[in-house]
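J.: fold the following and give me the result.
(chains A and B)
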Amino acid sequence: MTATARAPLAAPAAESPRQHGRLRRTARGAGPPLAVLAAVVGVWYAVTYLALAPRRRFLLPPPHEVVTDGFGDWTTFHETLRGLGATAKVALVGLAIAAALGMIFAVLMSQAGWVERSFYPWAVALQTIPILAIVPLIGFWLGYGFWSRTVVCVLVALFPIITNTLFGLQSTDAQQHDLFTLRQAGRWARLVHLEFPSALPAVFTGLRISAGLSVIGAIVGDFFFRQGQPGIGSLIDDYTQRLQSAPLFAAIMVSSLFGLALFWLFGLAARIAVGAWDTPRRRS
Amino acid sequence: MSPTARLRGRKGETVPLAPGIALAFDDVGKTFSDGTDALRGVSLTVADGEFVTVVGPSGSGKSTLLRIASGLTEPSSGTVAVGPKAPGYVFQDPTLLPWRTVEGNVGLFAQLDRVPKKRRRELVAAAISLTELEGFERHRPTALSGGMRMRVSLARALTVRPSLFLFDEPFGAVDEITRQRLGEEVQRLHARERFAGVFVTHSVVEAVWLASRVVVLSARPGRVLAQVDVPFAYPRPADLRFDAAFGDVARTVSAALQESFT
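T.: Below is the predicted model:
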């Protein structure tokens, strides 16, 4: 921020109101969702103690029990965290592969019409295949460990990256293209200096969607492929079978938080990478 | 395309240009693939260092004329002769790359032309100082006013030291005072760099003030209706436009323009 002319005079006094304003903004932003959370917890308690007979209370243990038994019991929680670690590894590796493959495919499609015409319909088809239907086949071919889980993850996360990157590359401003034509710029210069930078906001949109999907993909993979370190999906399945509802709830919460963290991380990355120029006033 | 239509196209072939001439249109016509007749039988010569403005009703093919001169669009008939160098071209919209700073935008052409880094820096610095953009080198376009963005666009075109400079109604979107200042700037740059200029505008006053000759185009399909010589010596003071003699020239142009609407 640039200092205004009257800043030196007002500086010491101005500091606290500004901080106050920021606090208030934060409160205004965080307040409503927190109120909803409080309401949900309230309803939760009501259902547990008022709607469920004591005998059936294991279906929905009270929130504090989830905290003490799910998070407080170190052996169980440690197991949950290790499961999350295994799943996170699958999700991140899968997302990285999907991002690389998706961007390469999108660039190829944008550069050659025949590539787009030949492959894009298949990319759409891939998206419509019920993934659960082919998961057993993947295990059948690739085994029941890390790589099968990763492949599921890639299949789920690939499509949004392809479509968003392709959309970004193809919606480059026509007049900006004219500039490059005037200088007789080659294909590579056009891609590096014009199309790719201009596609970046769309690429980040795709990454953000795919980040969420990759977590889902990894958990689905856990359900089916149980070799090696069990992922959080396997644990969720186990806890359900054993009617261990507190660790089950804890595992669900932890995986949701992970998805949320990943989504937020890519939002932050987008702000850092393109936030300085990708504003509503983008058409300069 | 007729067999006579030739142009310095993307491959860089040139039609020989008579000495002292920067741009020559001979009987140029353009019909777009959707059947729109944009230009018909346009003949126009711009001498080296001459500054010509083009006025005409909307849709009279003024932009098409510039696009053909620059090689972005091929003519349907006729011959176009231009120099071997790509012209400087300033669009109606500044067309800056929003992810690049002022410096990065100004240096774009030199970068695309693979000018060595050191020389590129010199070119950029010179163009930035010519357009009085010092101090804004690291600003992004979104942080600049419309007039400033236009200057960045001018500076970018200046880095290639064009011998022909095309302006497609560049100051249509800025306020009157800024428009006047940018016009003065163009005149100053023209006096200094001695490029030949073709400047499209909707404003008769701007057209007369800038040019040594005003070309009036007819309504679509565009033909050259009149060419009006402007006798005033450069540099022209800003208040020349309130002179009686200036008013006479403007009236002549205006009358020709009126005719183009009928």
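J.: so where does residue A:249 fall, helix or strand?
T.: According to DSSP states H and E, residue A:249 maps onto helix A:245-274.
J.: if you average the pLDDT over that helix, what comes out?
T.: Mean per-residue pLDDT for helix A:245-274: 90.
J.: so which bits of that helix are buried?
T.: A:245-252, A:254-255, A:258-259, A:262-263, A:266, A:270, A:273-274 (16 or more other CB atoms under 10 Å in any protein chain shown). Every residue, glycine included, has its C-beta placed from N, CA and C.
J.: what's the answer for stretch B:242-252, then?
T.: B:246, B:249-250, B:252.
J.: relative to chain B, how far out is residue A:270?
T.: Distance check for residue A:270 against chain B: by CB to the nearest CB, to the nearest Å, it reads 13 Å.
J.: list the contacts of that residue.
T.: A:201, A:204-205, A:207-208 (CB atoms under 8 Å, 6 or more residues apart in numbering or on different chains).
J.: what's the closest of those to residue B:49?
T.: residue A:201 (43.9 Å; CB to CB).
J.: so where's the chain uncertain?
T.: Using chain A here. A:1-19, A:279-284 (pLDDT under 70).
J.: that answer is for a different chain, and I need it for chain B
T.: B:1-16, B:262.
J.: what about 50?
T.: B:1-14 (pLDDT under 50).
J.: and stretch A:228-247, end to end?
T.: Start and end residues of stretch A:228-247 are separated by 21 Å (CA to CA, to the nearest Å).
J.: which residues are in contact with the residue of the stretch 1-150 of chain B found nearest chain A?
T.: Nearest residue of the stretch 1-150 of chain B to chain A, counting by CB to the nearest CB: residue B:141, 3.8 Å away. Contact partners of residue B:141, counting by CB under 8 Å, 6+ apart, are A:277, A:284, B:94, B:96-98, B:100, B:102, B:105, B:149, B:152.
J.: just the buried members of these?
T.: Buried, going by 16+ other CB under 10 Å: A:277, A:284, B:94, B:96-98, B:100, B:102, B:105, B:149, B:152, out of the contacts of residue B:141.
J.: can you tell me the element residue A:43 falls in?
T.: helix A:7-46.
J.: next SSE after that helix?
T.: By DSSP H and E, the next helix or strand past helix A:7-46 is helix A:63-65.
J.: the inter-axis angle of the following helix or strand past that following helix versus helix A:245-274?
T.: Counting by DSSP H and E, the next helix or strand C-terminal to helix A:63-65 is helix A:74-111. Helix A:74-111 runs at 40 degrees relative to helix A:245-274, counting by axes from the mean of the first three to the mean of the last three CA atoms, to 10 degrees.
J.: and helix A:74-111, what does it pack onto?
T.: Identification of packing neighbours for helix A:74-111 by 3 or more CB pairs under 8 Å, 6 or more residues apart in numbering or on different chains; DSSP states H and E yields helix A:113-128, helix A:146-170, helix A:196-224, helix A:232-241, helix A:245-274.
J.: excluding residues flanking it in the chain, which one is nearest the residue in the stretch 51-200 of chain A that chain B sits nearest to?
T.: Using CB to the nearest CB, the closest approach of the stretch 51-200 of chain A to chain B is made by residue A:183 at 4.3 Å. Leaving aside its chain neighbours, residue A:183 sits nearest to residue B:112 (4.3 Å; criterion: CB to CB, 6 or more residues apart in numbering or on different chains).
J.: around residue 159, how many other residues sit close by?
T.: I went with chain A, as the question did not name one. Applying other CB atoms under 10 Å in any protein chain shown, we find 20 residues neighbouring residue A:159.
J.: wrong chain, I was asking about chain B
T.: 24.
J.: wait, isn't it in contact with residue B:106?
T.: Yes: using CB atoms under 8 Å, residue B:159 is in contact with residue B:106, at 6.2 Å.
J.: rewinding a little: what's the neighbour count on the residue nearest to residue A:183?
T.: 20.
J.: show the contacting residues for the nearest residue to residue B:205 once chain neighbours are set aside.
T.: Nearest non-adjacent residue to residue B:205, counting by CB to CB, 6+ apart: residue B:241, 5.5 Å away. Residue B:241 is in contact with B:205, B:208-209, B:250, counting by CB under 8 Å, 6+ apart.
J.: may I ask which of those residues has the most neighbours?
T.: Result: residue B:208 is most packed of the contacts of residue B:241 (other CB under 10 Å), 27 neighbours.
J.: what does the stretch 101-250 of chain A have sitting close to chain B?
T.: By the rule CB under 8 Å from any CB of the partner chain, the part of the stretch 101-250 of chain A lying against chain B is A:173, A:175-176, A:178-185, A:189, A:193-194, A:197-198, A:200.
J.: switch the cut-off to 10 Å
T.: A:173-186, A:189-190, A:193-194, A:197-198, A:200-201 (CB under 10 Å from any CB of the partner chain).
J.: keep only those of those that are in helices.
T.: Using DSSP state H, the subset of those located in helices is A:174-182, A:189-190, A:197-198, A:200-201.
J.: could you chop chain B up by domain?
T.: B:16-87+B:162-262, B:90-161 (automatic domain parsing).
J.: nearest to residue A:158, of these?
T.: The minimum distance between residue A:158 and the domains of chain B falls on domain B:90-161, with 26.2 Å, by CB to CB.
J.: so how far is the first residue of the closest one from its last?
T.: 13 Å.
J.: chain center to it: distance?
T.: In terms of CA atoms, centre = their mean, to the nearest Å, the centre of domain B:90-161 is found 17 Å from the chain centre.
J.: ditto for stretch A:86-97
T.: Per CA atoms, centre = their mean, the centroid offset for stretch A:86-97 relative to its chain is 11 Å.
J.: out of the residues of the stretch 101-250 of chain A next to chain B, which are buried?
T.: Neighbour-count burial (16+ other CB under 10 Å) applied to these gives A:173, A:176-180, A:182-183, A:185, A:190, A:193-194, A:197-198, A:200-201.
J.: which of those sits closest to residue A:85?
T.: Using CB to CB, residue A:200 is the member of those that lies nearest residue A:85, at 30.8 Å.
J.: I figured the closest one hits residue A:274, correct?
T.: Yes: Residue A:200 lies in contact with residue A:274 (CB atoms under 10 Å); the separation is 5.0 Å.
J.: domains of chain A?
T.: Taken from automatic domain parsing, chain A resolves into A:15-58, A:70-274.
J.: now those in TSV, with distance to residue B:195?
T.: Listed next are the domains of chain A as TSV, based on distance: least, CB to CB, whole Å:
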stretch	distance to residue B:195
domain A:15-58	51
domain A:70-274	15
